[in-house]
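J.: Dropping a prediction and its sequence here:
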Amino acid sequence: MMAVAEVIVDVPTMQTNRPFEYEIPDSLVEVVIPGVRVEVGFGKGKRKVQGFVMEVRDHSDFTGKLKPIERVIDVKPVLSQEMIKLSYWLADTTYAFQISCLQTMLPNVMRAKYKQFVVASEGFENDADVKKLLDNQLTLEITKDTEEQTLRKIAKLKRAHKIDIEYVVENQANSLTRQVITTDLNTDQLLEAKDKLRSNAKAQHNLVDFLLSHHDDLPIEVSNLENQFKITRATLKTAEKNNLLKFIEITKRRKPVGINPERTSNLELTEEQSTAVKDISDSIVDDKSDTFLIEGVTGSGKTEVYLQSIQKALEQGKTALMLVPEISLTPQMVNRVIGRFGDQVAVLHSGLSSGERYDEWSRIENGSVKVVVGARSAVFAPLDNIGLIIIDEEHEASYKQDDNPRYHARDVAKWRSDYNNCPLVLGSATPSLESRARAQKGVYKLINMTKRINNHALPHVQIVDMRNAENSAVKGDFSPLLQDNLWRVLKRKEQAIVLLNRRGYSSFLMCRECGFVLKCPNCDVSLTYHKNLGKMKCHYCGHEENVPHICPNCKSKKIGFYGTGTENIEKQLNEIYPDARVLRMDVDTTRRKGSHAALIEKFSKHEADILLGTQMIAKGLDFPNVTLVGVINADTTLSISDYRASERTFQLLTQVSGRAGRAEKEGHVIIQTYNPDHYAIKDAAMQDYETFYKQEMYLRHQSGYTPYYFTTLISVSHQIESQALKQSFWLKKQLQTALSDKAILLGPSPTMIARKQNKYFYQIIVKYKHEPKLHEKLMEILNDTQGEARRGFSIAIDNEPQHID
DNA sequence: AGCACGCCGACT
DNA sequence: GTCGGCGTGCTC
């Protein structure tokens, strides 16, 4: 009997997108188990790659000779059975390679780094050519910087079998350990020991004094002692010999959660809240995988419902997972969860370094954490025995990953909820149409929360018609009504939020003389300015260049930044209200790590009167002193060519309005728009989701979009534009043969950014209700176009895209 | 992806 | 003749 492992290898191509079988050597039988990473030989040469063991069997049907597993990387599986199963489902539904799915599910440090070294073949150690190539060293590393000439020489010597290439698979994931010191002696014993020290042993005396005064702080990190207290390692070593202290290695948690917020306990619930908690709790207790949709107006206390439901899961000895959009992962939110559950909580946000992220992953994986809060990718948190999954602000587009694997966290959460037999709770003031429609059909259980806590009135919303000359002509972008109300807020020493609704939020360079815009040579996009680099950069291909001071087109000096507009609005605010403290929050001011949180902190301490910003200020923030919200231009998101434009506009306006008057004080919202009669704007002003929902559903029905139809977006790209177009017509024809005549095929049409990294993009949209053959056909197409892929042709499939552009 | 094999044109 | 270009098939 032979032990065989099914391994997914780290080679992301269509042809290798299946398990390969490897022999498990006797010495490794005990350790090669599903979920561990292994190092295996792959291909004809001596190439080595990392792989994931999916399954272990006792025989193989493979007719050839099996290669052995060379090394086991993990002592303990990094993938649970749940994650292994999930990866199959994920690969299938997103059309992504399974290896990509596995890597997405794990912290980045688990991704192998590959290195190649040139070494002399046996017997050629003294060969003149070899010696010259290696420059008398034993090895030569081949990197991406290795010159073309050298590569040629390497190829030549290799053909002559004078050299070999050695492959090294590096594992980046090792939890850092740190050295700490502690002592078994109590203070009396230390004093006693101090007396015994030689009087000239000054450093030792100081050290003992230090230990006495910091006795309660022990253990203390050695690096801290060296840096902060200037105690050398030599001193410590001597003290160790004298049995004054001892060294211990502990696994370092790179990111200790900041200052612990004050512990809170359950708040008293309103009737609506307690019904919600009860319904969810019942599902937790009964191990039912129900999906709840909480449709709750801003300020209705959804968070408390989440917290008490989590509490229930913990009481049942289970764990809980809570997803929030990255942007609402602010200290405000995080503190509320940590405040309730203390160090049982792990927080996964984009601010973590990859090492920190790995540490948090380990804490979750080894069971020391019961609650996980995080953004999209936290849906893969290695929690065991999940009792509850929550997705806050479930309508947020950021829950969908926009590169491979293009998964939606909501779908993954649903899968895990089914696997764990636990409820999934979706919460929003403005649910996505598809979720709300599912609730309508009874697929989800709808929980309506219509009352604000303490019966706070909803903010008073006014729409300003900017087509009216009186409003727009006065002073820049501020209507008299908005100006007036800002004055009042300032006079009352309250705070205001001003939202500039912009879709693109990067600053590009434009000549005011001739209109020239600095563009990327490889992509059809304008370059954006990166403050920290001091250079112009392309978002799509990474191309960089210096900032020109004269216009390359007309030689004028009037070339400058044309940004989000926030700077311009800031200038206007400063002119109208010279005494007001304005805080600008946009990509430029939040680029540095932590600056986003710092600005929020500053505003919540009332160190500024007006918070000015884009989308990012609309979400999840709670400032009790804010009584006015002004929206400069509500329309911009309406005019985009996406069928979700109205939905997005409605959501944004409703949410930003909810920022006003969250405490005792009444809130006031002023929305400036050129489309005052548009239903998305009117309904947002009324904070009337249900009316909006009905209207939007009607329109979606008319135009045949989600949730009435499923959509799949297929984009085709090629170096040569005509080829891209030709292939996309071929693809459309392929689809037509497989699909029923009820399916609607749109396109091919060029994408909004028609060229990226010197490739031309066309897209086809498939709208359908029931096409059982579509999935199979798309898989077939992916397989068939393999050969073409070599010639720069590629296909990307996006199931249920969030935006079509 | 990355390697070997194999088939063609232009050079020590 | 053979070196090295690229197109093709395959990887347990």
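T.: Structure's in. What do you need? This structure is a prediction, so every number in the text was calculated from the model and none was measured.
J.: closest point of the stretch 301-450 of chain A to DNA strand C, which residue?
T.: Ranking the residues of the stretch 301-450 of chain A by distance to DNA strand C (Cβ to the nearest atom of the strand) places A:N404 first, at 18.5 Å. (Glycine included, C-beta is placed from N, CA and C.)
J.: which residues does that residue contact?
T.: Residues counted as contacts of A:N404 (Cβ atoms under 8 Å, 6 or more residues apart in numbering) are A:T94, A:A96, A:F97, A:S100, A:A796.
J.: Touching, the third one and A:Q15? I think so.
T.: No. Using Cβ atoms under 8 Å, A:F97 is not in contact with A:Q15; the gap is 10.4 Å.
J.: Now the phi/psi pair for A:P34, please.
T.: The phi/psi pair for A:P34 (degrees, to the nearest 10) reads phi -50, psi 140.
J.: Tell me, what's the model's pLDDT at it?
T.: Per-residue pLDDT puts A:P34 at 97.
J.: Next: A:R700.
T.: 92.
J.: you'd agree it is in a helix?
T.: Yes. Counting by DSSP: H, G, I helix; E, B strand; the rest coil, A:R700 is found in a helix.
J.: So it is in contact with A:Y643, correct?
T.: Yes. Contact criterion Cβ under 8 Å: A:R700 and A:Y643 qualify, at 7.4 Å.
J.: next SSE after the worst-scoring helix or strand of chain A on mean pLDDT?
T.: Least confident helix or strand, chain A: helix A:469-472 with a mean of 62, by mean pLDDT, DSSP states H and E. The helix or strand immediately downstream of helix A:469-472 is helix A:480-491, counting by DSSP states H and E.
J.: Could you check how far that following helix is from the centre of its chain?
T.: Here the centre of mass of C-alpha atoms in helix A:480-491, compared against the chain's by Cα atoms, centre = their mean, to the nearest Å, lies 38 Å away.
J.: what do you get for stretch A:23-37?
T.: Offset of stretch A:23-37 from its chain centre (Cα atoms, centre = their mean): 33 Å.
J.: and that stretch, how far apart are its ends?
T.: This stretch, stretch A:23-37, spans 15 Å end to end (Cα to Cα, to the nearest Å).
J.: now do stretch A:381-399
T.: 15 Å.
J.: buried ones in that stretch?
T.: Within stretch A:381-399, the residues that count as buried by 16 or more other Cβ atoms under 10 Å are A:381-383, A:386-397, A:399.
J.: for stretch A:509-526, same thing?
T.: By 16+ other Cβ under 10 Å, the buried positions in stretch A:509-526 come out as A:L509, A:M510, A:C511, A:F516, A:L518, A:K519, A:C520, A:N522, A:C523, A:D524, A:V525, A:S526.
J.: Quick check: A:F62 vs DNA strand C, distance?
T.: Per Cβ to the nearest atom of the strand, to the nearest Å, A:F62 is found 4 Å from DNA strand C.
J.: picking that back up, A helix includes the residue of the stretch 301-450 of chain A closest to DNA strand C, no?
T.: No. Using three-state DSSP, the assignment for A:N404 is coil, not a helix.
J.: Got the confidence number for it?
T.: Looking at A:N404, its pLDDT is 91.
J.: Check the one 5 residues further on too.
T.: A:A409 carries a pLDDT value of 98.
J.: Start from the N-terminal end of the stretch 251-400 of chain A and give the helices.
T.: For the stretch 251-400 of chain A, the helices defined by DSSP state H, counting those that start in this stretch cover A:271-285, A:302-315, A:331-341, A:354-365.
J.: which of those helices sits most buried?
T.: Burial of those is given as mean neighbour count (mean count of other Cβ atoms under 10 Å); helix A:302-315 ranks first at a mean of 23.
J.: If you average the pLDDT over that helix, what comes out?
T.: So the average pLDDT for helix A:302-315 ends up being 96.
J.: Quick one: residues contacting A:V78.
T.: Contacts of A:V78 by Cβ under 8 Å, 6+ apart are A:G35, A:V36, A:R37, A:L106, A:M110, A:E365.
J.: what residues does the stretch 151-300 of chain A put near DNA strand B?
T.: Within the stretch 151-300 of chain A, the positions adjacent to DNA strand B are A:K158, A:I165 by Cβ under 7 Å from any atom of the strand.
J.: residues near the closest residue to DNA strand C within the stretch 151-300 of chain A, how many?
T.: Residue nearest to DNA strand C within the stretch 151-300 of chain A (Cβ to the nearest atom of the strand): A:K156, separated by 4.7 Å. Here the count is done by other Cβ atoms under 10 Å, and A:K156 has 13 residues near it.
J.: How is it classified with respect to secondary structure?
T.: Assignment for A:K156 (three-state DSSP): helix.
J.: Now do the contacts for A:H678.
T.: The contact partners of A:H678, taken as Cβ under 8 Å, 6+ apart, are A:D635, A:L638, A:S646.
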